[in-house]
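A.B. asks: okay, predicted coordinates and the sequence, questions at the end:
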Amino acid sequence: MEDKPVIEQITPILKRYRRERKNLIPILQDVQEKMHYLPLESIVEVASFFDIAPSAVYGVVTFYNQFRMVPPGKHPIKVCLGTACHMKSGELVSEAWERELGIKVGQVTEDREFDLERVACVGCCAMAPVAVVDETVHGQVTPTKIQGIVGAIKRGDEYELQQDTQ
Ligand code: FES
């Protein structure tokens, strides 16, 4: 993540768009892609770009679960709850992640090491239930496997993590 002021980071994005309301979501998506989340200052800047109240932009941001207002953890964990994963006890698996990390979906651990999100199908349905951890897809996820994955990350054990995806 860049340490430049928010305004400096998002001005080039705003310059690419016309001030038309249909561009609000694409702009927010671009800002989030660049900053990995939407800090409050970015919401204020986007609102001023459209000459609307920050609360209107805030309403959009909180309506769509694709947007996040807190910086992500060092190791993002995306729990799939698409149809195939849902059918294979995806909800229970999601709760097992929450228990293991001590946070709820949408939150970041206090040490900022992990964050937890729910996503729709990630295209690996045959491996359901699936979680994507640091861009690596883990299949047939169980509570025991979750403990193994989190433990391996904390120990920095790359080998163990690779074994887990096979
Ligand atoms: S539904 Fe989870 S990978 Fe397709």
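C.D. replies: Received the coordinates, thanks.
A.B. asks: report the separation between the residue positioned nearest the centre of the chain and the ligand.
C.D. replies: Centroid check for the chain by Cα atoms, centre = their mean gives Glu117 as the closest residue, at 5.3 Å. Glu117 sits 13 Å away from the ligand when distances are taken as Cβ to the nearest ligand atom, to the nearest Å. Any C-beta I mention is one placed from the backbone N, CA and C, and that applies to glycine too.
A.B. asks: number the chain from 25, please
C.D. replies: In the new count, where the first residue is 25, that last one comes out as Glu141.
A.B. asks: per-residue confidence for that residue?
C.D. replies: Per-residue confidence for Glu141 comes out at a pLDDT of 90.
A.B. asks: which element is it on?
C.D. replies: strand 138-143 (DSSP states H and E).
A.B. asks: before we move on, the earlier item: so the residue nearest to the centre of the chain touches Val103, yeah?
C.D. replies: Yes. Assessed by Cβ atoms under 8 Å, Glu141 is found in contact with Val103 at 7.1 Å.
A.B. asks: residues that sit against both of the two, list them.
C.D. replies: Shared contacts of Glu141 and Val103, defined by Cβ atoms under 8 Å, 6 or more residues apart in numbering, are found at Val129.
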